[in-house]
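Chemist: mind folding the following:
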Amino acid sequence: MGKSLEIFRNRLMALTAERGSLTKLARAAGLDPAVISKYNKQEIKPSLEAAEKIAEAAGMTLVEFLTDPNKPTAPPAAIFRQFLRDELRKTRDQIDRAVDALDLKQKK
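Modeler: Sure, this is the predicted structure:
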């Protein structure tokens, strides 16, 4: 089972417990309880549309629903800052190499 399917199944089981029954969850998502039961048992994989309906019933986007709740994620600004730092470091390295190459040419 892939990581996303594992997270989906864990979220689905938690959501079923939270709602009190599989039938209540199915009703909230507009799906057949038998189908949700098959998702829980890993007998079938959910369609994108079904996964979105379940996520919406949980009050989440599909991305939030499929994100591992135990894995902290950096806020977008932090990711962007790190990207800029990495790009700046690469640019500095390129400049240093260019300067070193010019110094070598001048010494000849």
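Chemist: at the geometric centre of the chain, which residue sits there?
Modeler: When the chain is reduced to its mean C-alpha position, the closest residue under CA atoms, centre = their mean turns out to be residue 67, at 4.2 Å.
Chemist: phi, psi of that one?
Modeler: When read as degrees, to the nearest 10, the backbone of residue 67 gives phi -90, psi 130.
Chemist: likewise for residue 68?
Modeler: Here is the backbone geometry of residue 68 (degrees, to the nearest 10): phi -60, psi 120.
Chemist: and for the closest residue to it other than its chain neighbours, the neighbour number?
Modeler: The spatial neighbour of residue 68 that comes closest, neighbours along the chain excluded (CB to CB, 6 or more residues apart in numbering), is residue 7 at 5.4 Å. For glycine as for every other residue, the C-beta is placed from the backbone atoms N, C-alpha and C. Summarising burial for residue 7: neighbours were counted as other CB atoms under 10 Å, giving 18.
Chemist: right, and residue 7 touches residue 64 too?
Modeler: No. If you go by CB atoms under 8 Å, residue 7 and residue 64 don't touch, sitting 10.7 Å apart.
Chemist: domain boundaries for this structure, per the record?
Modeler: Residue ranges for the domains of the chain, per automatic domain parsing: 3-66, 74-108.
Chemist: just put those in a markdown table and tack on mean pLDDT.
Modeler: Converted to a markdown table, the domains of the chain look like this (pLDDT from 0 to 100):
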| stretch | mean pLDDT |
| --- | --- |
| domain 3-66 | 90 |
| domain 74-108 | 82 |
